[in-house]
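S.K.: I would like the atomic coordinates for the input below:
(chains A and B)
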Number of protein chains: 2
Amino acid sequence: MPRITSVEVVDVRFPTSLTRDGSDAMNKDGDYSAAYVVLHTDDPELTGHGFTFTIGRGNDLCVAAAAQRGRPLVGRDVDVLCADLGGIYRELQSDTQLRWLGPDKGVVHLALAAVMNAVWDLAARRAGKPLWRLLCDMSPEELVDAADLKYLSDVLTRDEAIALLADREAGRGLRIKELEVTGYPCYTTSAGWLGYSDDKLRRLCEEAVASGYKHVKLKVGSSLADDIRRCGIAREVIGSDGHLMIDANQVWDVPEAIEWVKELARFEPLWIEEPTSPDDVLGHAAVRQAVAPIGVATGEHAMNRVLFKQFFQAGAIDFCQLDAARLGSVNEVLAVYLMAAKFGVPVCPHAGGVGLCELVQHLSIFDYVAVSASLENRVTEFVDHLHEHFVDPCIVRDGAYVLPTAPGYSAEMRRPSLATYTFPTGSYWATRDRAEPVA
Amino acid sequence: MPRITSVEVVDVRFPTSLTRDGSDAMNKDGDYSAAYVVLHTDDPELTGHGFTFTIGRGNDLCVAAAAQRGRPLVGRDVDVLCADLGGIYRELQSDTQLRWLGPDKGVVHLALAAVMNAVWDLAARRAGKPLWRLLCDMSPEELVDAADLKYLSDVLTRDEAIALLADREAGRGLRIKELEVTGYPCYTTSAGWLGYSDDKLRRLCEEAVASGYKHVKLKVGSSLADDIRRCGIAREVIGSDGHLMIDANQVWDVPEAIEWVKELARFEPLWIEEPTSPDDVLGHAAVRQAVAPIGVATGEHAMNRVLFKQFFQAGAIDFCQLDAARLGSVNEVLAVYLMAAKFGVPVCPHAGGVGLCELVQHLSIFDYVAVSASLENRVTEFVDHLHEHFVDPCIVRDGAYVLPTAPGYSAEMRRPSLATYTFPTGSYWATRDRAEPVA
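M.R.: Numbering: from 1, shown residues only, chains lettered A, B, ... in the order given. Okay, the predicted model is just below:
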């Protein structure tokens, strides 16, 4: 009966702004960062690891919030926790004083994600399974008990959710066997950051095609002339059979989004991602109607299940890009997958950042095995950055995620990486001349 | 040419949970708190004061975030700042690394509100005017330049906003004279906290009527039997001419909200406030349709202008209860007032908490004078708690806010109050046995 003895929270920041990796029309200079949580137990072999992802300044706020969110875990019996993962989620989430700062959004919700991701990692390790398999081994009732269905009963009742999962329970084993052969399909964003030159863009697109990718995503929205030129390069490289996606990272108002995307329609993008404010359900619906057949995708900044509920209700999106470190961990992610399945919207999770690829591979596998039972129009993001800092990095082969086999949520970071990139005391930051004072 | 020399941020917490002031179905034990900002200048007579409001734990997160938000102000020329209050707002807001933690929501947005509230207080003091008069003396173009209209152009263009204000410019002086006589109408929530006994509820309702109030608000949503009994008491005391409002503080799912409110319809409430998740535009629209003619009100937890835009677009609310310390200060509040005027939705600001009454009186007066030019269906919240901690507390007479006359935004707190209630080092907290460790 191991118990949680302490909650360690680390401010980890990578200096990605130096190379403009991750640059887009909104975010020109992010330093990819994680508020990284380790749950220690009195069994030195048993720990839980989780994080939320930020792009630099303010990561300290998430660290401080995660410390507060995680405090009630100290002293808890691990097996009791693991037996009711919905219960501990609801207990942490329902701190009404912290709730006031959201609710279910912003720093306190990112911190809940970090802490509960560590709890799920701990639960999967305790069970000796990768997270996707832990989920696939849960019954429909157990999954629905873990899911956060609060505020969703107007579109999905508990009974409907159980029935949906039960309907697809029979084929789980077959679909696991299938994915063990094929992997889960992914696409690459590594080619298309806005800060890259045309030559680098062309070379990276060529490499992507050579590596087996059928989808390539470009950042757009800073200059229409640049976008036309860059989309032309990408389309030329990937050919008419390849899928081109474009991503504006929220820079446009609704009328501007419609106008701009129509200018790029000749390159036949599969989707326009984040055309406007991530909060604007009705705005996305208007864009979708105006730019069809180009699809509308959003979700990396969609704060919670209530917002996704409305995207589905309003018919506002063609692709749901939930974020494993922004939603309230697996508990809230489950709710979004269930709603997406009910509304028939494919989920193509957001990834990249720090460790998001490591997380979402588990979610996508679980979705295919147990929820949607479909791969149609589904492709999960992959960005080839920063995986070297993880103990169990994701593996991509021929444009597909290889099923992880190690126990846990693949969230553990390497201790030498922490020693180097802890902010501001790690060896990298301590030896740099930092213009920015630390809060 | 005074310059800002430092940004002081204080964690102020009042132990309101001891008396259950402020208790409702969601928030049973809040310690009303403020992340309080003081902008110091090299003129010792000139300071700027602002805050955001929280209910206890996590106030430290807002304090840390406000320190980061405010840092770029140090060294700035006050007159340059005051000449472009839209420019400094956009500069602070557009820190993309902090933006990632929202955008425009949660801790980083609350912190932006605190800092920009202090900037507006500073601007009003520098002009020697109460904030409402500073705003009323601005031209339509100046007001629209200060407003945050990003993501709103599908419902309100800059030209439309200017035309709307220009249309009502002529009568500004007359309306100020009118309010100087009548004050701005308010209602009281002090009577109806959920933690109060029936006897206390009856007595406070009687006192409210005796003090000239025509509106009384009760908290509901914990127990239907209790709600029926308490609404009965309130309706009996205020009579059939009085207005009863009910407030569920987000406890219900949409179907539950509809069912519960119908059970209370016999007491003829003017509005049901926060029937469900504050993020649920389509849910509020469904509730509104189902419970009419009872109105739907929300806004104290509405995170930003994009959410309000959708409440208006969807016809989801009858009353807009914007919050002066949750929206991004006057800049974002202006945008919401402009949209509300265009859509013909009355704004009845949320108040109470710490100092919210002090702030919103300025906004309501400005709305009547320069934006809506109407008092119809408009009544601003008043809660009679914690005003003694402010240097220029609001004054309510015969159920109406008396127009403030002192320069500024009425946001300055008394130094002895800070010395007592600063958390955890102030004299009150330092001498208490605090069960909760400090982050």
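S.K.: My guess is residue A:153 contacts residue B:255. True?
M.R.: Yes: with contact defined as Cβ atoms under 8 Å, residue A:153 and residue B:255 form a contacting pair (5.8 Å). (C-beta placed from N, C-alpha, C; glycine too.)
S.K.: Name the residues of the stretch 51-200 of chain A found near chain B, please.
M.R.: By the rule Cβ under 8 Å from any Cβ of the partner chain, the part of the stretch 51-200 of chain A lying against chain B is A:54-58, A:60-62, A:64-65, A:67-68, A:71, A:95-110, A:150-154.
S.K.: In strands only, show me those residues.
M.R.: residue A:54 (DSSP state E).
S.K.: If you drop the residues flanking it in sequence, what lies closest to residue A:244?
M.R.: What sits nearest to residue A:244 in space, not counting adjacent residues and going by Cβ to Cβ, 6 or more residues apart in numbering or on different chains, is residue A:269, at 5.1 Å.
S.K.: go on, residue A:430?
M.R.: Once flanking residues are discounted, residue A:430 sits nearest to residue A:424: 6.7 Å by Cβ to Cβ, 6+ apart.
S.K.: what are the pairing partners of the helix or strand bottoming out on mean pLDDT in chain A, and which direction each?
M.R.: Using mean pLDDT, DSSP states H and E, the weakest-scoring helix or strand in chain A turns out to be strand A:184-192, at a mean of 85. Strand A:184-192 pairs in its sheet with strand A:215-219 (parallel), strand A:380-382 (parallel), strand A:400-401 (antiparallel), by DSSP bridges.
S.K.: re earlier: just the buried members of the residues of the stretch 51-200 of chain A next to chain B?
M.R.: Among these, the ones that count as buried by 16 or more other Cβ atoms under 10 Å in any protein chain shown are A:54-58, A:60-62, A:64-65, A:67-68, A:71, A:95-110, A:150-152, A:154.
S.K.: Just the strands from the stretch 251-400 of chain A, written as ranges.
M.R.: Taking DSSP state E, counting those that start in this stretch, the strands of the stretch 251-400 of chain A run over residues A:271-273, A:295-298, A:319-320, A:380-382, A:396-397, A:400-401.
S.K.: packing partners for the third one?
M.R.: Pointing back at strand A:319-320 there. Contacts defined by 3 or more Cβ pairs under 8 Å, 6 or more residues apart in numbering or on different chains; DSSP states H and E place strand A:319-320 against strand A:295-298, helix A:305-313.
S.K.: can you redo those as CSV with distance to residue B:399, mean neighbour count and mean pLDDT?
M.R.: Shown next, in CSV, are the helices and strands packed on strand A:319-320 (distance: least, Cβ to Cβ, whole Å; neighbours: other Cβ atoms under 10 Å in any protein chain shown; pLDDT from 0 to 100):
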stretch, distance to residue B:399, mean neighbour count, mean pLDDT
strand A:295-298, 46, 26, 98
helix A:305-313, 36, 25, 98
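S.K.: wait, which of these is closest to chain B?
M.R.: Shortest distance between chain B and those, using Cβ to the nearest Cβ, is found for helix A:305-313: 4.5 Å.
S.K.: which helices and strands does the closest one pack with?
M.R.: In terms of contacts (3+ Cβ pairs under 8 Å, 6+ apart), helix A:305-313 is packed against helix A:281-291, strand A:319-320, helix A:329-343, helix B:281-291.
S.K.: Mind putting these into TSV with distance to residue B:121 and mean neighbour count?
M.R.: Output for the helices and strands packed on helix A:305-313, formatted as TSV (distance: least, Cβ to Cβ, whole Å; neighbours: other Cβ atoms under 10 Å in any protein chain shown):
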stretch	distance to residue B:121	mean neighbour count
helix A:281-291	33	23
strand A:319-320	43	22
helix A:329-343	38	26
helix B:281-291	32	23
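S.K.: Redo those as CSV? Include mean pLDDT and distance to residue A:12.
M.R.: Shown next, in CSV, are the helices and strands packed on helix A:305-313 (pLDDT from 0 to 100; distance: least, Cβ to Cβ, whole Å):
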stretch, mean pLDDT, distance to residue A:12
helix A:281-291, 98, 33
strand A:319-320, 98, 28
helix A:329-343, 98, 18
helix B:281-291, 98, 36
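S.K.: the inter-axis angle of the helix or strand encompassing residue A:50 versus helix A:329-343?
M.R.: Take DSSP states H and E as the rule and residue A:50 turns out to sit in strand A:47-54. Using axes from the mean of the first three to the mean of the last three Cα atoms, to 10 degrees, the inter-axis angle of strand A:47-54 relative to helix A:329-343 is 60 degrees.
S.K.: Could you check how far strand A:47-54 is from the centre of its chain?
M.R.: In terms of Cα atoms, centre = their mean, to the nearest Å, the centre of strand A:47-54 is set 12 Å apart from its chain centre.
S.K.: which neighbours does that strand have in its sheet, and in what orientation?
M.R.: Strand pairing for strand A:47-54, determined by DSSP bridges: strand A:33-41 (antiparallel).
S.K.: Smallest gap between chain A and chain B, at which residue?
M.R.: Closest point on chain A to chain B, by Cβ to the nearest Cβ, is residue A:106, at 1.2 Å.
S.K.: these two touch, right, that residue and residue A:303?
M.R.: Yes: assessed by Cβ under 8 Å, residue A:106 is found in contact with residue A:303 at 7.4 Å.
S.K.: what do the two both touch?
M.R.: Jointly contacting residue A:106 and residue A:303 under the rule Cβ atoms under 8 Å, 6 or more residues apart in numbering or on different chains are residue B:105.
S.K.: about what we covered before: who's in contact with the least confident helix or strand of chain A?
M.R.: By Cβ under 8 Å, 6+ apart, strand A:184-192 touches A:201, A:204-205, A:207-208, A:211, A:213-219, A:230, A:234, A:243, A:245, A:247, A:352, A:361, A:364-365, A:368, A:375, A:378-385, A:396, A:399-401, A:403.
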